[in-house]
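S.K.: Sequence first, predicted coordinates after that:
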Amino acid sequence: MAKKTEIKSKKKVDSQRHIPSGKVYVTATFNNTLVTLTNPKGDTLAWSSSGASGFKGARKATPFAAISAVETVANKAKLMGMTACELFIKGPGPGRDSAIRALKNAGLNINLIADITPVPHNGPRAKKRRRV
């Protein structure tokens with residue numbers, strides 16, 4: 001006797017969310033630029049990076065690659081109905097300034113720009129001084 005098991009197919013929920021404001025986190029490293037879009041609570045809604053935008057190697061670390069990553073996230077934000085955002089920038093990479101400009105040009109109102117780059121208060125012990 002074989003048991004019949006019913007397979008319930010889960011429908012993919014169409015995400016027609018209306019989120020008026022959110023947070024955009026830009027992490028600009030020397031090798032890549034990561035962009036994350038979250039709701040005000042901090043749950044990730046969309047993300048992109050220079051590498052995900054199709055750039056490889058040293059071209060990922062260019063301001064142009066950062067612009068394309070930010071534009072991808074900004075388009076997803078507009079589809080969700082987002083009009084305003086808070087921008088948090090982390091890291092010393094070349095995509096910092098261009099990310100701000102790209103977000104502004106995409107049509108999102110920026111309410112806050114904060115630099116959250118971690119800076120050590122004293123840090124670990126320095127290496128011995130080199131003697132030549």
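M.R.: Structure received.

S.K.: Leu128 - how many residues pack around it?
M.R.: In this structure residue 128 is Lys, not Leu. For Lys128, the count of nearby residues is 6 (other Cβ atoms under 10 Å). Yep, even glycine has a C-beta here, placed from its N, CA and C like the rest.

S.K.: so it sits in a strand?
M.R.: No - secondary structure of Lys128 (DSSP: H, G, I helix; E, B strand; the rest coil): coil, not part of a strand.

S.K.: mean confidence for stretch 74-90?
M.R.: What stretch 74-90 shows for mean pLDDT is 96.

S.K.: Quick check: buried residues in that stretch?
M.R.: 74, 77, 80, 82, 85-90 (16 or more other Cβ atoms under 10 Å).

S.K.: Could you identify the most distant pair in those residues?
M.R.: The span of the buried residues of stretch 74-90, defined through Cβ to Cβ, is set by Met80 and Lys90 at 23.1 Å.

S.K.: follow-up on the earlier one: just the buried residues of stretch 74-90 now: which is nearest Ile110?
M.R.: The closest of the buried residues of stretch 74-90, once distances to Ile110 are taken by Cβ to Cβ, is Leu87, at 5.3 Å.

S.K.: you'd agree that closest one is in a strand?
M.R.: Yes - checked against three-state DSSP, Leu87 lies within a strand.
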